[in-house]
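Novice: Give the three-dimensional model of this entry:
(2 chains)
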Amino acid sequence: MGLSRKDLLGIQELSVEEIQLILDTAEPMKDIIRRQIKKVPTLRGKALINLFYEPSTRTRTSFELAGKYMSADTINISTSTSSAVKGETLKDTAKTLEVMGADVVIIRHGAAGAPHILSKHLSASVINAGDGFHEHPTQALLDMYTIREKKGQIRGLKVAIVGDILHSRVARSNIWGLTKMGAEVRVIGPSTLLPPGIAELGVTPFTSLEEGLPGADVIIVLRVQLERQQKGLFPTIREYARLFGVTAERVGMAKPDVLIMHPGPMNRGVEIAPEVADGVHSVINEQVTNGVAVRMALLYLLAGGGGPHEAIG
Amino acid sequence: MKLLVRGGKVIDPANDFCQVADILIDSGKISAVGQNLKANGAEVIDAKNKLVLPGLIDMHVHLREPGLEAKETIASGTRAAARGGFTSVACMPNTKPVVDNQALVEFINSRAASDGVVNVFPIGAITKGSAGSELAEIGDMKSAGAVAISDDGRPVMNAQVMRLAMEYAKMFNLPVISHCEDIDLAANGVMHEGYFSTVFGLKGISRLAEEVMVARDIMLAELTGTKVHIAHISTAGSVELVRMAKKKGLNVTAEATPHHFTLTAEAVGGYDTGTKVNPPLRGADDIRAVKEGLGDGTIDVIATDHAPHTVEEKDVEYNYAPFGIVGLETAVGLAFKELVNPGFLTVEELVRKMSVNPARILGLPKGRLGVGADADITIVDPGLREVVDVQRFASKGKNSPFGGWELKGLPTVVIVGGRVVMQDREVV
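Specialist: Residues are numbered from 1 along each chain as shown, chains lettered A, B, ... in the order given. The predicted structure follows:
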């Protein structure tokens, strides 16, 4: 059986069973990626549209490859213009895609809730590939898949998310997912980048790595945007790196077998030291591979309709 | 032209009158109030089992004309007022152009006379173009009929400009209505800052953005002695500040909107832009404080901040939608649902908030039903139920988060200057 929902708009609304189904389905998908001929006919005749209102290389490419490996027809629409500035409204775009016969629309948008607008006006499946500061559910799914693969399970693990939590959709989706799956989540960042009410999401906030990292099984490092410094949220990139940069020394405060993760793209030497990014604990490259597998699983469950064992054609 | 409103429960707090009585209207004025009045050829309106109130006054609406007629016009906005039970509205000056001179005040008055179905009282701008730097011609606008000044929607950020405006307005005994919002603290937020803004991934507006300006304007009111009216207060902290100001005996009044005493930030879930409003929908504690403030007299007025927008403007991503909720046609029903039926306010207290006090603050000879008073009357059926259908709104604006809500306690007849302008929930 597939997912009994039309869209994936966020991890918040997923049940533990649904998350497990997606992760389980991603396992055989990863085998497909490892094959010589990476092609199964599962989604033949299905039309997949990548609708990206924000620049993205890895997420868009990941969805595109996931679709292509499963024989779907994939189209990319990239636009930097927001509907508010010029061009047609998102609602009209949705109606246009609807009558063109899209089966799945994957949307990345700078405004939280944009995927919800599409979802309302489309009978096709909508997958949120990141909306404002709201959610980035497939990133959290691939992160959970990676953690489960490496650690065997998620329950009971201590996961530290480090950086700009306030503006991070990756942090929010991971918080929903990891807490549902039984992990203990800490968020670490400067007080100006910790959102109000974050503790009510079931996480423990810290404003120093020295307090937050000890005992961590997993460290998820978030990208810090230069623009936040310009808005006065912290004084300089230099001071940010000194206080919140994940260095080899700081990694030493976590568990000896800690996993280092980053959703990319990285600012080496700012939020993450190069030797940490490339070190023995880093699973950053495997996250990317798993991202394709998880997205294949999701496309299959939303558009193909089968379960984990029927997935390989 | 005579009318006889027969057998309703007349609630007229200004005259300390509350009993079943008849009201006779002749030539636009109330000519008699009493038992068993004879019709003598007057048209009879049966008000049995209904509440007969002095015409309700909404001192905070946006009629959008001139310049923004796609959102609302004086014709459509006053029809919405009539349908909502209001006999008078005061309209904010943030039109296009901004009402910052005598000619524009006169335009509104003349358009209201030709197109309007209820009384319209223009509010002039505080500063030219509401740009916040130079004072508008406040004296001229007063002569033309402006009843207050406000840069609503665009707060006066410069405290010295606000101080001068208050000092200047005092010469004309004009109240200054302040939209309290520190733009820098609001920081381009789109909803209340807190748990829900974090969950929905939307930029938050802190309570402080409102409260620091409420505090500032109360201090300026103390300095200048000017009548200052704080518009749409939404937080527990603002209620407390106004309470303290009143305890000190300052000339400060305040209003709250139905949406702020009804909905919390949780309503933003699903990204319905009908919930996007400034100040934003707050927390449960704030709602409690606003209700308490209404109950203990800290908040003098219920006003709607009726802010119509087109469907096209609102039917976009939450971040891009304009702020505003249409309020005229749901205000009475929400006031009964949230305040009267649960016992926060008696009907008499509600009449003070929606008629007596706005008339007093704006200096209007209204808000009362005695012999000789203007025949502005709102008749409410406290038992009437209706499901809100935004498509039935007389307003051009359909941007309401209350579509589909069942409300009980609704106006059934509205009389303005002795003329029936609304009957059985439809504008005549």
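
Novice: going forward, measure contacts and count neighbours with C-alpha atoms only.
Specialist: Noted.

Novice: and chain A, which residues reach chain B?
Specialist: Applying C-alpha under 8 Å from any C-alpha of the partner chain, one finds that chain A approaches chain B through A:83-84, A:89-91, A:111-114, A:116-117, A:132-135, A:166-167, A:169, A:172, A:195-198, A:200.

Novice: how about a cut-off of 10 Å?
Specialist: Within reach of chain B by C-alpha under 10 Å from any C-alpha of the partner chain, chain A has these residues: A:12, A:82-85, A:89-91, A:109-117, A:131-135, A:165-169, A:172-173, A:176, A:194-201.

Novice: now those residues: which count as buried?
Specialist: Neighbour counting by 16 or more other C-alpha atoms under 10 Å in any protein chain shown classes A:12, A:82-83, A:89-91, A:109-117, A:131-135, A:165-169, A:172-173, A:176, A:194-196, A:198 among the residues of chain A next to chain B as buried.

Novice: same question for stretch B:271-286, mean pLDDT?
Specialist: Throughout stretch B:271-286, pLDDT has a mean value of 98.

Novice: Now it: buried residues?
Specialist: Neighbour-count burial for stretch B:271-286, counted by 16+ other C-alpha under 10 Å, picks out B:271-284, B:286.

Novice: That one and chain A in contact?
Specialist: Yes. Stretch B:271-286 reaches chain A (C-alpha under 10 Å from any C-alpha) through B:271-272.

Novice: how about the strands in chain A?
Specialist: Taking DSSP state E as the test, the strands found in chain A are A:47-52, A:73-78, A:104-109, A:125-131, A:158-162, A:184-188, A:204-206, A:218-221, A:259-261.

Novice: which secondary structure elements does the fifth one contact?
Specialist: Where contact means 3 or more C-alpha pairs under 10 Å, 6 or more residues apart in numbering or on different chains; DSSP states H and E, strand A:158-162 is packed against helix A:169-180, strand A:184-188, strand A:204-206, helix A:209-212, strand A:218-221, strand A:259-261.

Novice: where does residue 173 land on pLDDT?
Specialist: Let's take chain A. Listed pLDDT for residue A:173 reads 98.

Novice: wrong chain, I was asking about chain B
Specialist: 97.

Novice: got it, and the one 10 residues further on?
Specialist: At residue B:183, the pLDDT value in this model is 97.

Novice: before we move on, what about residue B:127?
Specialist: For residue B:127, the pLDDT comes out at 98.

Novice: Residue A:226 too?
Specialist: 81.

Novice: nearest spatial neighbour of it, skipping sequence neighbours?
Specialist: Nearest residue to residue A:226, sequence neighbours excluded (C-alpha to C-alpha, 6 or more residues apart in numbering or on different chains): residue A:237, at 7.5 Å.

Novice: so how far is residue A:227 from the one you found?
Specialist: 10 Å (C-alpha to C-alpha, to the nearest Å).

Novice: the more surrounded of these two?
Specialist: A direct count of neighbours by other C-alpha atoms under 10 Å in any protein chain shown for residue A:237 and residue A:227 places residue A:237 higher, at 19 against 9.

Novice: Do I have it right that that one meets residue A:224?
Specialist: Yes. Residue A:237 sits in contact with residue A:224 when judged by C-alpha atoms under 10 Å, with a separation of 9.0 Å.

Novice: who touches both of those two?
Specialist: With contacts defined as C-alpha atoms under 10 Å, 6 or more residues apart in numbering or on different chains, the residues shared by residue A:237 and residue A:224 are A:270-271.

Novice: Which one of the buried residues of stretch B:271-286 is nearest to chain A?
Specialist: For the buried residues of stretch B:271-286, the residue nearest chain A by C-alpha to the nearest C-alpha is residue B:271; the value is 5.8 Å.

Novice: need the contact list for the residue in chain B that chain A sits nearest to.
Specialist: Nearest residue of chain B to chain A, counting by C-alpha to the nearest C-alpha: residue B:201, 3.7 Å away. Residue B:201 makes contact with A:111-113, A:131-135, A:166-169, A:172, A:195, B:195, according to C-alpha under 10 Å, 6+ apart.

Novice: gap between stretch A:215-233 and the chain center?
Specialist: Using C-alpha atoms, centre = their mean, to the nearest Å, the mean C-alpha position of stretch A:215-233 is found 15 Å from that of the whole chain.

Novice: ends of that stretch, how far apart?
Specialist: End-to-end distance for stretch A:215-233, by C-alpha to C-alpha: 29 Å.

Novice: ok, now stretch B:42-53?
Specialist: This stretch, stretch B:42-53, spans 20 Å end to end (C-alpha to C-alpha).

Novice: re earlier: skipping its backbone neighbours, what lies nearest the residue of chain B closest to chain A in space?
Specialist: Spatial nearest neighbour of residue B:201, excluding adjacent residues (C-alpha to C-alpha, 6+ apart): residue A:134 at 3.7 Å.

Novice: my read: that neighbour touches residue A:176, true?
Specialist: No. Using C-alpha under 10 Å, residue A:134 is not in contact with residue A:176, being 11.4 Å away.

Novice: what do these two both touch?
Specialist: When contacts are counted by C-alpha under 10 Å, 6+ apart, the set common to residue A:134 and residue A:176 consists of A:10, B:199.

Novice: my read: residue B:125 touches residue B:93, true?
Specialist: Yes. Under the criterion of C-alpha under 10 Å, residue B:125 makes contact with residue B:93 at 5.7 Å.

Novice: which residues do the two both contact?
Specialist: Taking C-alpha under 10 Å, 6+ apart as the contact rule, residue B:125 and residue B:93 both touch B:99-100, B:149-152.

Novice: and those residues, which of them are in strands?
Specialist: Those of those mapping onto strands are B:149-150, per DSSP E.
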